[in-house]
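Peer 1: Here is a sequence together with a model predicted from it:
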Amino acid sequence: MPWVYILHLERPLAHARHYSGCTAELQNRLKAHALGQGSAFTRHLAKIGIEWKLGALFQVKEDLNTIRGVERILKDQHHAPDYCPLCRSRPARLPGATVVPVSAAPFPTDSRGIKEAAASASSIRNRKDSHEQLHDPGLPNLQDQQ
């Protein structure tokens, strides 16, 4: 499903207070941004420790050119704050897009929450791998050798 999104920075980076992007895989793209593997801008945010929240989310039901056109409105005119509910109590409507409440997302929508979820999943995988290594049938069983 095609999405256009606005990341609201917790503190400005020079003049920038927002990042806008588009994707078909929202959860994966947000995770990449949070873990410093997304765009050059969000990689830099991760490197210097600026956290962000998903400020606005828009669904676009058109082709890729329309999606990129909607994203361009935000990027070229530097109007992301006009469409960000965290900045405006009555955000502007984005032409060609339907607003989707961020609270409807079934996954973390802020950089801290995404990093915590990724760390937790990694910890669970590591524990599972350690457990499997302890019980590897290819290894000799120490109890049988006694």
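Peer 2: Ah, there it is. Numbering: from 1, shown residues only.
Peer 1: E10: what's its closest spatial neighbour, skipping adjacent residues?
Peer 2: Leaving aside its sequence neighbours, E10 sits nearest to E51 (Cβ to Cβ, 6 or more residues apart in numbering; 4.6 Å). In this view, the C-beta of every residue, glycine as well, is placed from N, C-alpha and C.
Peer 1: Same check on I48?
Peer 2: Take I48 and drop its neighbours on the chain: the residue closest to it by Cβ to Cβ, 6+ apart is L13, 7.6 Å away.
Peer 1: ok, that neighbour to P2 distance?
Peer 2: Distance of L13 to P2, computed by Cβ to Cβ, to the nearest Å: 27 Å.
Peer 1: Then L30?
Peer 2: Here the distance between L30 and P2 works out to 15 Å (Cβ to Cβ).
Peer 1: So the two - more neighbours on which side?
Peer 2: Between L30 and P2, counted using other Cβ atoms under 10 Å, L30 has the larger neighbour count: 27 against 20.
Peer 1: The more buried one reaches A117, doesn't it?
Peer 2: No. Counting by Cβ atoms under 8 Å, L30 sits too far from A117 to count as a contact (10.7 Å).
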